[in-house]
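Novice: I'd like to go over a predicted model; first the sequence, then the structure.
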Amino acid sequence: MSESTRLNVFKTYKLYVGGKFPRSESGRVYEVTDSKGNWLANAPLSSRKDARDAVVAARKAFGGWSGATAYNRGQILYRIAEMLEGRRDQFVREVGEAEGLSKSKAGAVVDAAIDRWVWYAGWTDKIGQIVGGANPVAGPFFNLSTPEPTGVVTVVAPQDSSFLGLISVIAPVIATGNTAVVITSEKSPLPALSLGEVLATSDLPGGVVNILSGKAGEMGPHLASHQDVNAIDLAGADAALAKELEIAAADNLKRVLRPQPVDDWTADPGTTRLTAFLETKTVWHPTGSLGAGGSSY
Amino acid sequence: MCARGVTGSYARRYAHVVTMPTTLTAFADVTTSDSALRRFLHGLPGVDAVGLEARAASLGTRSIKTTAKAYAIDLAISMIDLTTLEGADTPGKVRALAAKAVNPDPTDRSTPMTAAVCVYPDMVATAKAGLNGADVKVASVATAFPAGRAALPVKLADTRDAVAAGADEIDMVIDRGAFLAGRYLETYELIKAVKEACVREDGTAARLKVIFETGELSTYDNIRRASWIGMIAGADFIKTSTGKVGVNATPANTLLMLEAVRDFKAQTGIQIGVKPAGGIRTTKDALKFLVLVNETAGADWLTNEWFRFGASSLLNDLLMQRQKLSTGRYSGPDYVTVD
């Protein structure tokens, strides 16, 4: 069969929830176009019920993921970077189409995203030393503070940077042991939906990252008021939506990370996003029975 | 065999296949001997397994929303036999369960009480004290639950013990070994004997639920036969399962039992309840069962007098859905009790 007569095999982009690839419960899709307005694919238009299912999946995954050793989490995150590298060409094409970049520029963005993922993979077993530690106290106690993950985090992904921005907000959330429900960029969801396929083949337990394409304005309020969501990252919300979501999130005292303007996603991100969704647990432990001399050590 | 319309009850449909007694006393004939009972039970029409499952599945697709959903959730809560049947049950756990049965959602006093708490016989008195006079029944499993592998005197003593301790309802298990070996009369007589043991000193009696353990009966035909043995022997409720084996209540086997009680009432005028137990964990599942009840047995069965759910984790899911309906925001497991 000659090249010209071969039928096109179009890809059906699907959500990534609980380690599976469902269509939207609502059955809806919307058209995704490239930067010039040409049709690329149909993406699922998720409903609030998809968001609810994603929270259930994320909650179910939280115990195992937060309980895994930091070292193990780092290995799994590094494995994701390896898988991303293997599908580099696909992501270069999707990012180029979504953001209107040339092949070389899109390649640079994808490389930066993979490097960003590796960078966060290294942080998993080091963040404890940075934000935790032994506290001096006036008594015969060890006093130790350790960071603990906050829980289920809703992430409204950046609207413009469909891949580097997305990875820059997902990786820090899960590196510290949280689980994530991600609302993709509405305009350019395809790299995010393809990321789901990478996560599914990387030893990452199902439900740790759940990816929903659709309108942040539609799902956001339900996730922000959801009593079983512990935190929300408003990176991709515009000012009006961010305000609405922050008000809804106050109901059960969710941690809220307000949108911060990012001009250049390739710049060093620092540890702000890593520490945004951490709680501090402090333990007092007796140093042991005191001898006559007043000290046991 | 000729095909008839689906509107007539299936009892009428197979009337020309098997001569069916029309009053309860007439069932005395079929229980005179093992062979007579076998003839009767094997004369029941075979179950169309594919049709049964398709019917159960199609009834599960109904969409129930808004006010109907609110009604169904409250109804389902009021039908729960809140159950704890663990070797590790402590008096404290049973008291906590009783408190939850009386007041399922402390943040919303309009939540209905559950129908009953269901415990082992030695916990009946604790449960009764924990309920503190509230209108919630105490159900007790008995007859060497869950396996039923004990001698008859032991089973009867177990039952009398539970009744004497104040149980309002007895959940007995049949001897699946005898049933599967074809000793139907033995199964029948066991149920009859336990029914007699349910009578209290003052002449009143605890209601008897008969558990068939459908997951161990292998075929739908066996479930239908077991249902009829139970009903003829005087069960007040027929119940799917103990919750202790792999396969518990399914929509299909519950539908089959609902058809049995419907037909039994059509013939004898005696109404018998149904209790699916085990494996019903979500509001969506519970609503599917309520649809089955309404479409099969009818609205007469839509009260906790005639339909129950044997469940424990189901209640939390119902409460979370209830909170969602009343507040408009999704609730989470942090806002209901940990059992």
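Specialist: Received it, and whenever you're ready, just let me know what you need.

Novice: where do the helices sit along the stretch 201-339 of chain B?
Specialist: With DSSP state H, counting those that start in this stretch as the criterion, the stretch 201-339 of chain B has helices at B:220-233, B:251-268, B:283-296, B:313-327.

Novice: helix, strand or coil for the nearest residue to residue A:142 once chain neighbours are set aside?
Specialist: Spatial nearest neighbour of residue A:142, excluding adjacent residues (C-beta to C-beta, 6 or more residues apart in numbering or on different chains): residue A:285 at 4.5 Å. In this view, the C-beta of every residue, glycine as well, is placed from N, C-alpha and C. The local conformation at residue A:285, judged by DSSP: H, G, I helix; E, B strand; the rest coil, is strand.

Novice: what do you get for residue A:146?
Specialist: Three-state call for residue A:146 (three-state DSSP): strand.

Novice: contacting residues around residue A:193?
Specialist: A:13-16, A:43, A:184, A:211, A:213 (C-beta atoms under 8 Å, 6 or more residues apart in numbering or on different chains).

Novice: same thing with residue B:39?
Specialist: residue B:30.

Novice: Name the helix or strand for it, please.
Specialist: In this assignment (DSSP states H and E), residue B:39 forms part of helix B:34-43.

Novice: in the chain, which segments are predicted with low confidence?
Specialist: Assuming you mean chain A. Applying pLDDT under 70 to chain A flags the ranges A:1-3, A:288-297.

Novice: oops, I was thinking of chain B
Specialist: Using pLDDT under 70, the flagged stretches of chain B are B:1-26.

Novice: Enumerate the residues of the stretch 1-150 of chain A near chain B.
Specialist: Contacts of the stretch 1-150 of chain A with chain B, taken as C-beta under 8 Å from any C-beta of the partner chain, map to A:52, A:55, A:59.

Novice: which one among these gets closest to chain B?
Specialist: Nearest to chain B among the residues of the stretch 1-150 of chain A next to chain B, counting by C-beta to the nearest C-beta, is residue A:52 at 5.8 Å.

Novice: who touches the closest one in this structure?
Specialist: Neighbouring residues of residue A:52 by C-beta under 8 Å, 6+ apart: A:222, A:226, B:330.

Novice: just to revisit the earlier point, can you put the helices of the stretch 201-339 of chain B in CSV and add distance to residue B:168?
Specialist: Formatted as CSV, those follow (distance: least, C-beta to C-beta, whole Å):
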stretch, distance to residue B:168
helix B:220-233, 19
helix B:251-268, 21
helix B:283-296, 22
helix B:313-327, 19
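
Novice: Put together a markdown table for the contacts of residue A:52, with distance to residue A:166 on each row.
Specialist: Formatted as a markdown table, these follow (distance: C-beta to C-beta, whole Å):
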| residue | distance to residue A:166 |
| --- | --- |
| A:222 | 21 |
| A:226 | 21 |
| B:330 | 25 |
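
Novice: Return the closest of those residues with respect to residue B:35.
Specialist: Among these, residue B:330 lies closest to residue B:35 (C-beta to C-beta), at 59.2 Å.

Novice: Can you tell me the closest non-neighbouring residue to the closest one?
Specialist: The shortest distance from residue B:330 to any non-neighbouring residue, by C-beta to C-beta, 6+ apart, is to residue A:226 (4.3 Å).

Novice: Surely the one you found touches residue A:56?
Specialist: No. Applying C-beta atoms under 8 Å as the test, residue A:226 and residue A:56 come out as separate, 10.3 Å apart.

Novice: Out of the two, name the residue with the larger neighbour count.
Specialist: Higher neighbour count among residue A:226 and residue A:56: residue A:226, with 27 against 19, using other C-beta atoms under 10 Å in any protein chain shown.

Novice: Quickly note the distance from the more buried one to residue A:219.
Specialist: Computed as C-beta to C-beta, to the nearest Å, the residue A:226 to residue A:219 distance reads 10 Å.

Novice: tell me, what's touching these two both at once?
Specialist: Jointly contacting residue A:226 and residue A:219 under the rule C-beta under 8 Å, 6+ apart are residue A:51.

Novice: residue boundaries of the strands in the stretch 1-150 of chain A?
Specialist: Secondary structure of the stretch 1-150 of chain A (DSSP state E, counting those that start in this stretch): strands at A:29-33, A:39-44, A:133-134, A:141-149.

Novice: Can you get me a residue count around the closest residue to residue A:29 other than its chain neighbours?
Specialist: Spatial nearest neighbour of residue A:29, chain neighbours left out: residue A:42 (4.1 Å); criterion: C-beta to C-beta, 6+ apart. For residue A:42, the tally of surrounding residues (other C-beta under 10 Å) stands at 14.

Novice: same deal with residue B:270?
Specialist: Neighbour number of residue B:270 under other C-beta under 10 Å is 13.

Novice: and the residue positioned nearest the centre of chain B, what are its bridge partners?
Specialist: The centre of chain B sits closest to residue B:275, judged by C-alpha atoms, centre = their mean, with a distance of 1.7 Å. Beta-bridge partners for residue B:275, by DSSP bridges, are residue B:239.

Novice: Tell me who's in contact with it.
Specialist: B:81, B:209, B:237-240, B:307-310.

Novice: any chance of those in a markdown table, with neighbour count and distance to residue A:155 too?
Specialist: Listed next are these as a markdown table, based on neighbours: other C-beta atoms under 10 Å in any protein chain shown; distance: C-beta to C-beta, whole Å:
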| residue | neighbour count | distance to residue A:155 |
| --- | --- | --- |
| B:81 | 28 | 42 |
| B:209 | 26 | 49 |
| B:237 | 24 | 50 |
| B:238 | 27 | 50 |
| B:239 | 28 | 46 |
| B:240 | 28 | 43 |
| B:307 | 27 | 44 |
| B:308 | 27 | 43 |
| B:309 | 28 | 38 |
| B:310 | 30 | 40 |
